[in-house]
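**Student:** Provide a 3D model corresponding to the input given below.
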Amino acid sequence: MNFSYCHAKECDVINEMERWREADGLILTEDKLPNGKRPPGQLWFTLIHESPVHIAIANSLTNEVNFTISFRFDSTIYSSYGYYEPHIKTHGPETRYPLPTRNIAAGRSKQVAWFVSNCIPKSPRMTYAKELSRHISVDIYGGCGTKSCPKNKATFASTPECLDVIRNNYKFYLSFENSLCPDYITEKLYRNALNNDLLPIVMGASIEEYERVAPPYSFIHVDQFESPAKLAEYLHYLDKNDTAYNEYFAWHGHGIIHDWDSQPQCAMCLLAHTSPLFGPYWVPRVARWWNDGCNGRKLRWTP
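**Tutor:** Model prediction:
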């Protein structure tokens with residue numbers, strides 16, 4: 001961790017776990033407690049970037065965690081996979097910009113692409129994608145599909161070869177998360193889609209949660225349609241109408257996409273220095289807050 005650009009710089013990281021008792025703060029990245037008695041005054045942070053469906057917080061950490069770090073907006077320290085930084089700070093979900101000067105759709109003859117390797121996620125994304133593919137062409141790359149990238153046959157969207165394939169040939173990208181959870185929006189939106197001039201079809205967080213972090217009018221949420229068939233109908237319309245398609249890229253030139261914002265160390269260092277001034281504090285019912293966060297989340301469409 002680099003603290004050189006932080007307001008509070010006087011922090012060092014100890015990577016030798018056997019020395020954990022020497023630290024003023026301990027970062028917990030899984031649901032396990034360290035062995036031994038906790039030193040008096042030591043701060044405990046939970047740092048989690050996977051959804052609660054895949055990484056839980058142990059019940060034994062109740063009344064033990066001082067601060068949370070995650071993609072959830074109600075964490076002590078919000079640490080996202082990315083964000084949109086508008087040049088003018090007064091934009092909102094209803095903001096509309098002029099159309100881009102170039103035709104984003106030009107030269108793209110294919111419709112929907114998707115990179116996916118987890119074929120059995122704890123979300124309905126595979127079922128939804130399968131139904132969607134009955135109504136529009138969906139090319140699936142990676143371990144769950146039949147398509148592969150050129151040259152090194154890479155299966156991950158982060159490789160330059162794969163990004164070139166989708167950027168040059170497709171209009172839409174399925175930014176489907178592996179869980180339906182609050183604020184769970186990953187690189188599938190920022191790096192795979194928005195930074196490659198692809199129109200993302202999103203699933204994971206709610207519409208309102210996507211609107212909070214994405215450029216205005218820059219994505220399509222599956223819950224805006226009563227079924228995959230209705231979504232496909234709209235995608236066919238956009239596929240044939242460049243003007244309507246380009247409206248989703250009108251935000252270009254009015255802000256930039258940061259596709260990784262996992263740099264919480266400045267806030268951590270500041271808390272380490274200032275929290276003793278305010279007395280003891282811990283996150284109440286932290287296990288319930290995290291582990292139950294996805295309960296009740298479901299799609300508008302059910303098969």
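**Student:** Domain parsing of this protein, as residue ranges.
**Tutor:** 17-79+262-291, 83-258 (automatic domain parsing).
**Student:** So which of those domains is nearest Arg300?
**Tutor:** Among the domains of the chain, domain 83-258 comes nearest to Arg300, with 4.3 Å by Cβ to Cβ. C-beta: built from backbone N, CA, C; applies to glycine.
**Student:** Save the domains of the chain as TSV, and put in mean pLDDT and distance to Phe3 too.
**Tutor:** Conversion of those to TSV gives the following (pLDDT from 0 to 100; distance: least, Cβ to Cβ, whole Å):
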stretch	mean pLDDT	distance to Phe3
domain 17-79+262-291	90	6
domain 83-258	90	20
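**Student:** okay, these, which one's buried deepest?
**Tutor:** Most buried of the domains of the chain by mean neighbour count (mean count of other Cβ atoms under 10 Å) is domain 83-258; its value is a mean of 18.
**Student:** Where do the strands of the stretch 101-250 of the chain begin and end?
**Tutor:** 110-115, 138-141, 170-176, 199-203, 220-221 (DSSP state E, counting those that start in this stretch).
**Student:** Touching the longest one from outside, list them.
**Tutor:** The list of residues contacting strand 170-176 from outside it, by Cβ atoms under 8 Å, 6 or more residues apart in numbering, reads 105, 108, 110-114, 116, 123, 125, 128-129, 138-139, 166, 188-189, 192-193, 196, 198-204, 219, 235, 238-239, 245.
**Student:** try it again with 7 Å
**Tutor:** 105, 108, 110-114, 125, 129, 166, 188-189, 192-193, 198-204, 235, 239, 245 (Cβ atoms under 7 Å, 6 or more residues apart in numbering).
**Student:** quick one on the thing from earlier: with distance to His7 added, can I get the domains of the chain in TSV?
**Tutor:** Output for the domains of the chain, formatted as TSV (distance: least, Cβ to Cβ, whole Å):
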stretch	distance to His7
domain 17-79+262-291	7
domain 83-258	19
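**Student:** These: which one's closest to Pro303?
**Tutor:** Pro303 lies closest, by Cβ to Cβ, to one member of the domains of the chain: domain 83-258, at 5.5 Å.
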